[in-house]
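Engineer: Fold the following and give me the result.
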Amino acid sequence: MNSLLVAVDDLKSASFELLLDRFGWFAGARVAWLGGMPAPAGLLLVRRLALLADSAGLEFDRRNWQPHVTLFRKVMRQPAFPEPAPLHWPVRDFSLIESVAGQPYQVLRTWSLQSQ
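Structural biologist: Numbers count the residues shown, from 1 in each chain. Reported below is the predicted structural model:
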């Protein structure tokens, strides 16, 4: 794992902006969210991280990246959403976050992205 973190330290990727302009619902996870289309620089970052994970022998989630902010959990059925005001979200860094059931998320490490 340490070699993977060193490889991520050496990763050069551009900062970008997300446009969060739609509400949605992940039925399986029972999560309501605000999200938008992936930015090209964000897609490139995800691809680079997947390659690094592969080279370290780690399993990487191959589903298409769907940028979103979780709004509510344990949502039993799809809500009727209003039209949201678009939110421009600057992405200047990314983090490795540990998720343990029943505990708050814990940020383990954060990496800065390069200014455009």
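Engineer: and stretch 93-100, which residues are buried?
Structural biologist: Residues of stretch 93-100 classed as buried: Phe94 (neighbour count, 16 or more other Cβ atoms under 10 Å). C-betas here are computed from N, CA, C, even on glycine.
Engineer: can I get the CA coordinates of it in PDB?
Structural biologist: Taking C-alpha atoms only, stretch 93-100 is exported to PDB below (Å, rounded to 0.1, in the frame of the first residue of the first chain):
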ATOM      1  CA  ASP A  93      -7.700  18.200  -4.300                       C
ATOM      2  CA  PHE A  94      -8.900  14.700  -3.700                       C
ATOM      3  CA  SER A  95      -8.700  12.500  -0.600                       C
ATOM      4  CA  LEU A  96      -8.400   8.900   0.500                       C
ATOM      5  CA  ILE A  97     -11.200   8.300   3.000                       C
ATOM      6  CA  GLU A  98     -11.800   5.300   5.200                       C
ATOM      7  CA  SER A  99     -15.300   4.100   5.600                       C
ATOM      8  CA  VAL A 100     -16.000   1.900   8.600                       C
END
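Engineer: Pull the residues that contact that stretch.
Structural biologist: Outside stretch 93-100, the residues that touch it by Cβ atoms under 8 Å, 6 or more residues apart in numbering are 5, 45, 105-113.
Engineer: Can you tell me which of these end up in strands?
Structural biologist: 106-112 (DSSP state E).
Engineer: And these, which is closest to Ser13?
Structural biologist: Trp111 (8.6 Å; Cβ to Cβ).
Engineer: does that closest one have beta-bridge partners, and which?
Structural biologist: Beta-bridge partners for Trp111, by DSSP bridges, are Phe94.
Engineer: Please report how far Ser13 lies from Ala85.
Structural biologist: Noted for Ser13: a distance of 29 Å to Ala85, by Cβ to Cβ, to the nearest Å.
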